[in-house]
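**Q** Sequence first, then the predicted structure:
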Amino acid sequence: MPKFAANLSMMYPELPFLDRFDAAAKDGFRAVEYLFPYAFAPAEIVARLQANGLQQVLFNSPPGGTDAASIARAWDQAGDKGTACQPGREAEFRAGVALALDYAQALGCPRIHAMAGLIPPGLTREAVQATYVDNLRWAAVEAAKQGVDVLIEPINTRDIPRFFLNRQDHAHEILAEVGAPNLKVQMDLYHCQIVEGDVAMKLRQYLPTGRVGHLQIAGVPERHEPDIGELNYGYLFGVIDEVAQQCGWDGWIGGEYRPRLGAQPGGTRSGLGWFAPWR
Ligand SMILES: O=C(O)C(=O)[C@H](O)CO
Ligand SMILES: [Mg+2]
């Protein structure tokens with residue numbers, strides 16, 4: 001049976017961040033994921049997780065910067081979407097991963113997502129792949145010391161132009177090149193549909209490899225609830241369940257979507273019809 005995590009960066013926009021843990025638990029979620037915990041002391045988040053019996057199943061290493069203020073600026077102002085592929089920012093990437101691993105230890109989180117970043121102007125994907133691979137190899141070694149997986153996620157270039165990693169097959173080629181068993185793919189079906197399509201067959205192809213560390217879902221193309229848009233998630237959850245039972249995949253599925261009703265009071269909860277059969 002699929003296990004769903006609430007993405008607290010996109011769901012519950014009607015609530016302050018720290019109140020979203022309680023709301024997700026009240027709505028039946030047993031796990032949460034989000035982008036960045038760095039604006040809060042780990043103890044503040046641990047208190048919310050423990051008060052609600054929630055598992056922390058994913059968050060991102062910093063997209064740039066290495067302290068709360070510079071991380072927020074990197075995402076909001078600089079438009080950084082990771083630094084892993086960017087030559088000359090290796091020290092920043094590594095400091096960010098070290099911070100993320102400290103938080104992962106404190107939060108009991110078994111995986112972090114290291115965003116690839118944008119291909120720098122004037123360079124090509126091929127020209128920066130070696131930097132990406134070297135950074136991931138370093139991150140995987142550090143993460144393995146505390147039993148944490150590092151995830152890489154193909155992201156579509158309509159949402160993030162010039163993002164380095166866009167395709168599932170390229171992500172799995174990177175895993176092979178890095179050669180670290182704790183480096184895995186964050187397979188976001190929203191991005192997979194936009195970039196490649198054929199989502200059910202890609203689930204059947206990649207879940208049995210044991211190298212998909214996490215799934216995420218959202219409606220396509222609006223990125224609202226999974227039951228709004230061109231993907232039949234009822235069918236896809238059945239495929240995930242069938243393949244997971246065959247291959248033993250036991251991962252989480254993050255609801256990484258913007259509720260259609262936005263920040264209206266109760267807007268997120270009123271859109272949880274897709275989740276009702278799985279609570
Ligand atoms: O963009 C996505 O789909 C992600 O999952 C990143 O981690 C955050 O943007
Ligand atoms: Mg995603």
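**A** Perfect, thanks for sending it. Residues are numbered from 1 along each chain as shown. Ligands and ions are numbered 1, 2, ... in the order given.
**Q** Pull out the buried residues from the helix-or-strand element of the chain with minimal mean pLDDT.
**A** Sorted by mean pLDDT, DSSP states H and E, the helices and strands of the chain end with helix 68-73, the least confident at a mean of 92. Neighbour counts over helix 68-73 (16 or more other Cβ atoms under 10 Å) mark 68, 70-72 as buried. To be clear about C-beta, it is placed using only N, CA and C from the backbone, and glycine gets the same treatment.
**Q** Check stretch 51-69 too.
**A** Buried residues in stretch 51-69, defined by neighbour count with 16+ other Cβ under 10 Å: 52, 54-66, 68.
**Q** And stretch 179-195, by the same measure?
**A** Of the residues in stretch 179-195, 180, 182-195 count as buried by neighbour count, 16+ other Cβ under 10 Å.
**Q** ok, now how distant is the nearest residue to Asp67 once chain neighbours are set aside from Gln77?
**A** Take Asp67 and drop its neighbours on the chain: the residue closest to it by Cβ to Cβ, 6 or more residues apart in numbering is Tyr38, 7.6 Å away. Counting by Cβ to Cβ, to the nearest Å, the gap from Tyr38 to Gln77 is 16 Å.
**Q** out of the two, which sits in the busier spot?
**A** Tyr38 (23 against 8; other Cβ atoms under 10 Å).
**Q** was I right about that one contacting Pro62?
**A** Yes - using Cβ atoms under 8 Å, Tyr38 makes contact with Pro62 at a distance of 6.6 Å.
**Q** Between the two, which contacts overlap?
**A** 71, 99 (Cβ atoms under 8 Å, 6 or more residues apart in numbering).
**Q** ok so, going back, and the least confident helix or strand of the chain, is it in reach of ligand 1?
**A** No - Helix 68-73 lies out of reach of ligand 1 by Cβ under 6 Å from any ligand atom, never closer than 13.2 Å.
**Q** Report the buried residues of the next helix or strand after that helix.
**A** On the C-terminal side of helix 68-73, the closest following helix or strand by DSSP states H and E is helix 90-107. By neighbour count on 16+ other Cβ under 10 Å, the buried set for helix 90-107 is 92-97, 99-101, 103-104, 107.
**Q** Flag every residue of this protein that's near ligand 1.
**A** 35, 60, 113, 115, 153, 155, 188, 191, 216, 256.
**Q** how about 8 Å then?
**A** 9, 35, 60, 81, 113, 115, 153, 155, 159-160, 186, 188, 190-191, 216, 218, 254, 256 (Cβ under 8 Å from any ligand atom).
**Q** The residue lying farthest from the centre of the chain: what secondary structure?
**A** Seen from the C-alpha centroid of the chain, the residue lying at the greatest distance (Cα atoms, centre = their mean) is Gly122, 28.1 Å away. Here Gly122 takes the coil state, with states given by DSSP: H, G, I helix; E, B strand; the rest coil.
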